[in-house]
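K.L.:
Prediction below, plus the sequence it came from.
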Amino acid sequence: MLSSVITRRSMEIAFALVLIAMGALAIQDSLRIGAGWSSDGPRSGYFPLILGVILILASVGNLVSALATRDAAPFATWAQLRLVGSVLLPTTIYVAVIPFAGIYLPSALLIGFFMARFGGFRWVTSLASGVAAAVVTFIIFEIWFLVALPKGPLEDALGF
Amino acid sequence: MEEIGLLMQGFGVVLQPQNLLLMVAGIVLGVIIGVLPGLGGANGIAILLPLTFAMPPVSAIIMLSCIYWGALFGGAITSILFNIPGEPWSVATTFDGYPMAQQGRAGEALTAAFTSSFVGALFAVILITFLAPLVAQFALRFGPPEFFAVMVLSFASFIGLSKGSPLKALAAMMAGFLLAAVGMDGVTGTLRMTYGSMELMRGIDFLVVVIGLFGLSEILVSIEEGLSFKGARAKLSMGIVLQTWKQLPKHWALALRSSVIGCWMGITPAGATPASFMSYGVARRTARDPESFGKGRIEGVIAPETAAHAAGTSALLPMLALGVPGSPTAAVLLGGLIMWGLQPGPMLFVEQKDFVWGLIASMYLGNVVGLIIVLACVPWFAAILRVPFSIIAAIILMVCAIGAYTVNTAEFDIVLMLIFGVIGYVMKKLDYPLAPLVLALVLGDRTEESFRQSLLLSQGSTGVFFQNWLCGGIMTLAIGIAGYPLISKAVGLFRRRELKPAQ
Amino acid sequence: MLLRRHLPALAAGLLAAPAVQAQRAWEPQRPVQLIVPAGTGGGADQMARIIQGIITRHSLMRQPMMVVNKPGGAGAEGFLEARNARANPHVLVITLSNLFTTPLSTGIPFSWRDLTPVAMLALDEFCLWVNAASPWTTLAEFVAASGTQRMRMGGTGSRQEDQIITVAIQRATGSTFTYVPFRGGGEVATQLVGNHIDCTVNNPIEAVTHWRSGTLRPLCVFDRTRLPGEGRITETMGWQDIPTAKEAGLDVEYLMLRGIFAAPGLTPPQLAFYSDLLGRVVATPEWRELMATGAFNTTMLAGEAFRAWLTEEEVRHRSLMQEAGFIGAGG
């Protein structure tokens, strides 16, 4: 078995802490906008306050039970994380680029990249397929359904 | 009966070749937009509405309602194949539909989904045909307190169902409620938990979360086990349709119950989403072995699909009879009716008989035609799973991004989808159940809203929830259902202690 | 098949092109986005899609029009997007009351002055409705009753037009109303039919069917003049028979703007193209039919008169919202 980098226990603890932080944020905001019960029912912050408190209580419970275990079971192995990262990283770049380059060009590149990297297709074939997919998407959305998706300088230069 | 005669006239209108052609075109378009998440239902119909502007009203509504049927059918496809619900009401279908696809039973799951959709819709159409005025009167009894009671009932039928740590289920549910509360408070217009961010003012849309939490995270989870999708072994023949049909009749009671739940939710109008969750919850509760749900039970596909379509179809009834849309999609159709100079409401049935009965006839035919088309395509849909991972994964990612974007036309929603994809991955690995989060997220807003509306009406008195038999009855039922597992568990625990005194 | 639908339009456009070109100095070079600062299915969305449909059907423009919903931030997002598209002649936005209310209630700084006003297409009317089974047959009786019992007013959304009218009624009558927000006009009307609330200020189009079926009753219209209309809607009454609020002794007036704005920094020829286009849209039979069924106020304003109207309305919204305590800064 490969050595694990992150134990399940530490992940449990981290996630519980995230939820506790979320609950705390909710409580803080609810108190700001008023969490009481006015003459005609609860105010805006009433429910979020209660929800925040329950979330914190439940997460503290989860935190305690995670702390109590001495189990070193893995959350994921290095190899697994590397695989996940190999999809997550390009996807993150894809999402980050969309506001600047529109959705079509990054989609073409993403599809091309996946095909070449994971499918072992030739780069020319992969990129051509990516471009084809993007063009089909463009025709379906922008021309048939008249739905405007994010567009970048390339589409701008082409007059759309 | 008068209705039958009118219905036959309606069939006469629908069976004109031109209308039949529009029907098929509508179904096909509907399936396409149903498959694309974010574009289905309301958005899709709104987009296609101006195209029907030039047609006579009957033809236009036939085409639009067929798009609607198509979208309803199509929503199930991505849920089953990729765990990406194309529509909110397809979420419950993923619970068992996706595991079935993973086991190589995609064809079976799709056939069951389409067929039960058809059964649910048919049940609702029959209801509309014969009981429309009566049912419309029933819908009028539902004010905010009754609506709140229905919401509580939805939650009650679902609570206590998740396996694993109850604390985790509770935390997930609370997180869902909190996410639903982000943005503008519908009752007072106060901004909640936006921290001055314009992007958060939009609120966190249910579909964006679900696309990330279910679809994207599924890609991440499945990639851990190598760069492939499971379920590529799916059988690709029409035989699978017939085989599945053979085992469907024995689930008639389930289908009937789900249809009733669906029609009730569609008319009141709570909508298809709570209907699908409630129906799934009830199916699981009444099953002899609830533990096997979520692992690929065919009942887990039949129940939500039947209810969702019964609700989706019966949602058209209050729209036609009262002018109240029972779903966002019905709201868009309502706009369409007004555009053609038709005034939905009590007078429509009296003054526009041709139109109303043409529409009802098209519901019958549209569903039959739709069922034939989608069933014929089952092997094709299932074949998608055979496309190599390296090709399909990136296309799914693109479709997810487009879906997240089109919900609110917001680029930030794509980022949000990515974040929820990672959160979903972590939650799945840590055995946090996703269903309570999703249920709370989709119903949280409306539940709080109806609670506060009720208290505004009663000027702060909580007695309003037991003010009449209808509301009080639903509330009592909800409390009973919610309490039942606790009681039975307590009794069980007590008995076990008695049996094993040594422990 | 959708492509095929567009082809005749395209062909017609090409044939007519030389003549059109001579008249117009500028026309859109790419698809025109019509931003709706609200979700799908609402009044503004419906109107936008009707405009889109009319333009497509009558081939009024060579480039297609795309309707884009930007409901975020109570519509602020849609307005900001239009504002940020400075000098882009392919961005239009259709307005509803949130043009005035959103900057006040959310504290997001924008106003109509950030955009180029093109034209007011119509004004949405509001009527006061009660259940036909209620004892109030005139506005005077209703006002008198509101002094002794707390009226439950249903409306669409919060801190928007319906609630503002409610505040204005409170100011004029001195009575207190309980305002209960719902999600849409149709839902509000049904709640009134089902007797869950006491009154509403629905648009005519949202409640007319219930009026005709004898379940709702209009008491007044919140306009300076009576609604246009001939003939009868019910056995005894037509739109023109509903008294104005002022006639009936309540000094409340409210109309909601249905107007088209363009991105800031448009050149005069570009502006001229769009005013001309909208002029053609409102001249179509489809548009007139919509105006008639919805009993809209069909006042059309452009240029200086429109600006003056906008200035006045902005001030009025501020005063009403201030009084109601709806002004917030992200609060």
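P.N.:
Yep, it's here.
K.L.:
rest of the way, CA atoms for contacts and neighbours
P.N.:
OK.
K.L.:
if I pick residue A:154, what's in contact with it?
P.N.:
Contacts for residue A:154 (Cα atoms under 8 Å, 6 or more residues apart in numbering or on different chains) come out as A:101, A:105.
K.L.:
Per-residue pLDDT of it, please?
P.N.:
Here the pLDDT value assigned to residue A:154 is 89.
K.L.:
How about the closest residue to chain A within chain B: what's its closest non-neighbour residue?
P.N.:
Nearest residue of chain B to chain A, counting by Cα to the nearest Cα: residue B:460, 4.2 Å away. Distance criterion Cα to Cα, 6 or more residues apart in numbering or on different chains; nearest residue to residue B:460, sequence neighbours excluded, is residue A:40 at 4.2 Å.
K.L.:
Counting neighbours, what do you get for that neighbour?
P.N.:
Residues lying near residue A:40 (other Cα atoms under 10 Å in any protein chain shown) number 17.
K.L.:
how about the residue of chain B closest to chain A, phi and psi?
P.N.:
Phi and psi for residue B:460, reported as degrees, to the nearest 10, are phi 90, psi 0.
K.L.:
In chain C, what helix or strand scores lowest on average pLDDT?
P.N.:
Every helix and strand of chain C was ranked by mean pLDDT, DSSP states H and E. The lowest is helix C:2-23, at a mean of 43.
K.L.:
same for the very next helix or strand once past that helix, what does it pack against?
P.N.:
Next along the chain after helix C:2-23, taking DSSP states H and E as the criterion, comes strand C:32-36. When contacts are defined as 3 or more Cα pairs under 8 Å, 6 or more residues apart in numbering or on different chains; DSSP states H and E, strand C:32-36 packs onto helix C:43-57, strand C:65-69, helix C:76-84, strand C:91-94.
K.L.:
which neighbours does strand C:32-36 have in its sheet, and in what orientation?
P.N.:
According to DSSP bridges, strand C:32-36 forms sheet pairs with strand C:65-69 (parallel), strand C:91-94 (parallel).
K.L.:
and the strand or helix carrying residue B:363, average pLDDT?
P.N.:
For residue B:363, the host element (DSSP H and E) is helix B:353-376. Taken as a whole, helix B:353-376 has a mean pLDDT of 88.
K.L.:
Using neighbour counts, pick out the buried residues of the helix or strand just after that helix.
P.N.:
Next in sequence after helix B:353-376, counting helices and strands by DSSP H and E, comes helix B:378-383. Across helix B:378-383, burial judged by 16 or more other Cα atoms under 10 Å in any protein chain shown covers B:378-379, B:381-383.
K.L.:
just those now: which is nearest chain C?
P.N.:
Nearest to chain C among the buried residues of helix B:378-383, with distances taken as Cα to the nearest Cα, is residue B:381, at 22.6 Å.
K.L.:
and the nearest residue to that closest one once chain neighbours are set aside, what is it in contact with?
P.N.:
Among residues not flanking residue B:381 along the chain, residue B:77 sits closest, at 7.5 Å (Cα to Cα, 6+ apart). Contacts for residue B:77 (Cα under 8 Å, 6+ apart) come out as B:35, B:110, B:381.
K.L.:
What is the three-state secondary structure of residue B:77?
P.N.:
Secondary structure, DSSP: H, G, I helix; E, B strand; the rest coil: residue B:77 is helix.
K.L.:
what about the host helix or strand of residue B:174 and chain C, any contact?
P.N.:
Per DSSP H and E: residue B:174 is located in helix B:166-181. No - judged by Cα under 8 Å from any Cα of the partner chain, helix B:166-181 makes no contact with chain C; its nearest approach is 13.9 Å.
K.L.:
Contacts for the helix or strand following that helix, please.
P.N.:
Once the chain leaves helix B:166-181, the next helix or strand it forms, by DSSP H and E, is strand B:183-184. With contacts defined as Cα under 8 Å, 6+ apart, strand B:183-184 is touched by B:190-194, B:200-204, C:73-74.
K.L.:
those helices in chain A, which residues are they?
P.N.:
Here chain A has its helices, by DSSP state H, at A:8-33, A:46-68, A:78-101, A:104-119, A:123-138, A:153-157.
K.L.:
Among those, pick out the one with the most neighbours on average.
P.N.:
Across the helices of chain A, the average number of neighbours (mean count of other Cα atoms under 10 Å in any protein chain shown) peaks for helix A:104-119, which reaches a mean of 22.
K.L.:
which SS class is the most centrally placed residue in chain C?
P.N.:
In chain C, the residue lying closest to the centroid (Cα atoms, centre = their mean) is residue C:258, at 4.1 Å. Three-state call for residue C:258 (three-state DSSP): strand.
K.L.:
now the helices: where do they sit in chain C?
P.N.:
For chain C, applying DSSP H gives helices covering C:2-23, C:43-57, C:76-84, C:98-106, C:139-148, C:161-173, C:185-193, C:204-212, C:268-282, C:285-293, C:303-324.
K.L.:
Take those helices and lay them out in a markdown table including distance to residue B:290 and mean neighbour count.
P.N.:
Below are the helices of chain C laid out as a markdown table (distance: least, Cα to Cα, whole Å; neighbours: other Cα atoms under 10 Å in any protein chain shown):
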| stretch | distance to residue B:290 | mean neighbour count |
| --- | --- | --- |
| helix C:2-23 | 47 | 12 |
| helix C:43-57 | 45 | 23 |
| helix C:76-84 | 46 | 23 |
| helix C:98-106 | 48 | 23 |
| helix C:139-148 | 55 | 16 |
| helix C:161-173 | 48 | 20 |
| helix C:185-193 | 38 | 26 |
| helix C:204-212 | 46 | 24 |
| helix C:268-282 | 60 | 17 |
| helix C:285-293 | 54 | 16 |
| helix C:303-324 | 53 | 15 |
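K.L.:
least reliable of the ones you listed going by mean pLDDT?
P.N.:
For the helices of chain C, mean pLDDT drops lowest on helix C:2-23, to a mean of 43.
K.L.:
Convert the least confident helix or strand in chain A by mean pLDDT to CSV, retaining C-alpha atoms only.
P.N.:
The least trusted helix or strand in chain A, going by mean pLDDT, DSSP H and E, turns out to be strand A:4-7, with a mean of 74. C-alpha atoms of strand A:4-7 as CSV (Å, rounded to 0.1, in the frame of the first residue of the first chain):
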residue,chain,number,x,y,z
SER,A,4,-1.0,8.0,3.0
VAL,A,5,-0.5,11.7,3.2
ILE,A,6,-3.6,12.8,4.8
THR,A,7,-5.4,10.7,7.4
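K.L.:
and that strand, what does it pack onto?
P.N.:
When contacts are defined as 3+ Cα pairs under 8 Å, 6+ apart, strand A:4-7 sits against strand A:74-77.
K.L.:
Partner strands of the strand it packs on and their direction?
P.N.:
Sheet pairing of strand A:74-77 (DSSP bridges) gives strand A:4-7 (antiparallel).
K.L.:
follow-up on the earlier one: what's the lowest-pLDDT member of the contacts of residue B:77?
P.N.:
Among the contacts of residue B:77, residue B:35 has the lowest pLDDT, at 79.
K.L.:
Looks like that one contacts residue B:78 (just checking).
P.N.:
Yes - here residue B:35 reaches residue B:78: they are 6.1 Å apart, a contact under Cα atoms under 8 Å.
K.L.:
Pull up the overlap in contacts between the two.
P.N.:
Common neighbours of residue B:35 and residue B:78, counting by Cα under 8 Å, 6+ apart, are residue B:86.
K.L.:
rewinding a little: packing partners for the helix holding residue B:363?
P.N.:
Identification of packing neighbours for helix B:353-376 by 3+ Cα pairs under 8 Å, 6+ apart yields helix B:2-14, helix B:17-35, helix B:57-82, helix B:106-140.
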